[in-house]
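Peer 1: Predicted model and sequence follow; I will ask about them next.
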Amino acid sequence: MTNATAPHSAPFGQLLTAMVTPFDAEGEVDFVKARELAAYLVDEMHNDALVISGTTGESPTTTRAEKRELLVQVIDEIGDRAQVVAGVGTNDTRSTIALATDAAEVGADGLLVVTPYYSKPPQSGLLAHFRAVGDATELPIIMYDIPHRSGAAIEEATLIELAEHPRIVAVKDAKGNLPSSSLVMARTDLAYYSGDDAMTLPLLAVGGVGLVGTSTHFTGAQAKQMIQAYAAGDTARALELHRRLYPAFVGVFATQGCILVKAGLELIGRPVGGLRSPMPEATAEQRDAFAACLSAAGLH
């Protein structure tokens, strides 16, 4: 058990973006655009790490080979300027381990492992799943707790038990339950990253260390300033930035994040192509509404 008042370390830095996956006109992964987008997110949006092939990267629709090559290309592009975290979570432990092994082989710095979705395994199944993935490589793991998408929450007792594994080091927290997250942080050394952009500042207030963002394709530089201001004790500045960025923080989730991120990137002159079915492109109304959110946040 850790000291409830001790600051938690941030093993992947303070700001990560779950990067969308660019596609070309034929619907194939556009590795050139992926490299360009990764460089922009690191050099202009000031990300400490990128998550490649998370669900914002449409991971359910990309193949194992595509995921591997995306990692190869992004790692080569950004070098040592930022870490690369591979999204490897599936609802099958064997498949997740296979993706984790690929990520380790090509030089990823960590793994993002979402709760197995749809099948809703009991907590004993979640314990076995995350432990098996942790045992499979030497890479540190961020558990992704998002019950409204996966169908199953990682319960407090399970999180506390999993924190004993030497390679399970962090949580991407999209549970929306600050008291529960606060309890786990008080009893473990798990680093908590917000998985909901608008919850970043509240999570920091109870011991969180940063953000794995979606709107951070646009808000990254200012979101990083918000996190740093809070860490420096300038809570007034952090609150000012939270309120300024709030329209973009919430607007990106008016529909699935990958849809509006790709629409927004086109708006700012950085198009990355369309989406793979079953994800549709944004409607004109959705594009206009998100453009208004970016404008309200001073970003477009």
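Peer 2: That came through, no problem. Residues are numbered from 1 along each chain as shown.
Peer 1: what ranges do the strands span in the stretch 101-250 of the chain?
Peer 2: Under the criterion DSSP state E, counting those that start in this stretch, the stretch 101-250 of the chain contains strands at 110-114, 141-145, 168-173, 191-194, 210-213.
Peer 1: Parallel or antiparallel, list what pairs with the last one.
Peer 2: Next to strand 210-213 in the sheet, as set by DSSP bridges, lie strand 15-18 (parallel), strand 191-194 (parallel).
Peer 1: in it, what counts as buried?
Peer 2: The neighbour-count check on strand 210-213 (16 or more other Cβ atoms under 10 Å) flags 210-213 as buried. Every C-beta, even on glycine, is put in place using the N, C-alpha and C of the backbone.
Peer 1: could you give the mean pLDDT of it?
Peer 2: Throughout strand 210-213, pLDDT has a mean value of 98.
Peer 1: which intervals of the protein have sub-threshold pLDDT?
Peer 2: Counting by pLDDT under 70, the chain contains low-confidence ranges at 1-7.
Peer 1: Apply 80 and report the result again.
Peer 2: Filtered on pLDDT under 80, the chain yields the residue ranges 1-7, 300.
Peer 1: mind listing the helices for it?
Peer 2: Listed in chain order, the helices of the chain (DSSP state H) span 31-43, 64-78, 93-106, 123-136, 147-150, 156-162, 178-187, 200-205, 216-231, 235-251, 257-267, 284-296.
Peer 1: which one of those lies closest to residue 10?
Peer 2: Comparing those by their distance to residue 10 (Cβ to Cβ), the top pick is helix 216-231, with 9.2 Å.
Peer 1: now that closest one, how far from the chain's geometric center?
Peer 2: Centroid separation between helix 216-231 and its chain, computed with Cα atoms, centre = their mean, to the nearest Å, is 14 Å.
Peer 1: elements contacting that helix?
Peer 2: Counting contacts by 3 or more Cβ pairs under 8 Å, 6 or more residues apart in numbering; DSSP states H and E, the secondary-structure elements packed against helix 216-231 are strand 15-18, helix 31-43, helix 200-205, strand 210-213, helix 235-251, helix 257-267.
Peer 1: Switch these over to a markdown table; also include distance to residue 162.
Peer 2: Rendered in a markdown table, the data for the helices and strands packed on helix 216-231 read as follows (distance: least, Cβ to Cβ, whole Å):
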| stretch | distance to residue 162 |
| --- | --- |
| strand 15-18 | 20 |
| helix 31-43 | 29 |
| helix 200-205 | 19 |
| strand 210-213 | 18 |
| helix 235-251 | 28 |
| helix 257-267 | 26 |
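Peer 1: Tell me which of those approaches residue 140 most closely.
Peer 2: Checking the helices and strands packed on helix 216-231 against residue 140 by Cβ to Cβ gives strand 15-18 as the closest, at 13.0 Å.
Peer 1: How about residue 11, nearest residue that isn't a chain neighbour?
Peer 2: The shortest distance from residue 11 to any non-neighbouring residue, by Cβ to Cβ, 6 or more residues apart in numbering, is to residue 169 (5.2 Å).
Peer 1: So the one you found versus residue 113, what's the distance?
Peer 2: For residue 169, the distance to residue 113 (Cβ to Cβ, to the nearest Å) stands at 12 Å.
Peer 1: what do those two both touch?
Peer 2: 141-142 (Cβ atoms under 8 Å, 6 or more residues apart in numbering).
Peer 1: thinking again about what came up before, kindly compare burial across the strands of the stretch 101-250 of the chain and name the winner.
Peer 2: With neighbours defined by mean count of other Cβ atoms under 10 Å, none of the strands of the stretch 101-250 of the chain is more surrounded on average than strand 210-213, at a mean of 29.
Peer 1: Need the contact partners of that strand.
Peer 2: Contacts of strand 210-213 from elsewhere in the structure, counted by Cβ under 8 Å, 6+ apart, are 10, 12-18, 48, 51, 112, 142, 172, 191, 193-195, 197, 200, 204, 219-220, 223, 227.
Peer 1: rerun at 7 Å
Peer 2: Where contact means Cβ atoms under 7 Å, 6 or more residues apart in numbering, the residues beyond strand 210-213 that reach it are 10, 13-18, 51, 172, 193-195, 197, 200, 223, 227.
Peer 1: any chance of the strands of the stretch 101-250 of the chain in a markdown table, plus distance to residue 255?
Peer 2: As requested, those are exported to a markdown table (distance: least, Cβ to Cβ, whole Å):
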| stretch | distance to residue 255 |
| --- | --- |
| strand 110-114 | 19 |
| strand 141-145 | 20 |
| strand 168-173 | 20 |
| strand 191-194 | 20 |
| strand 210-213 | 17 |
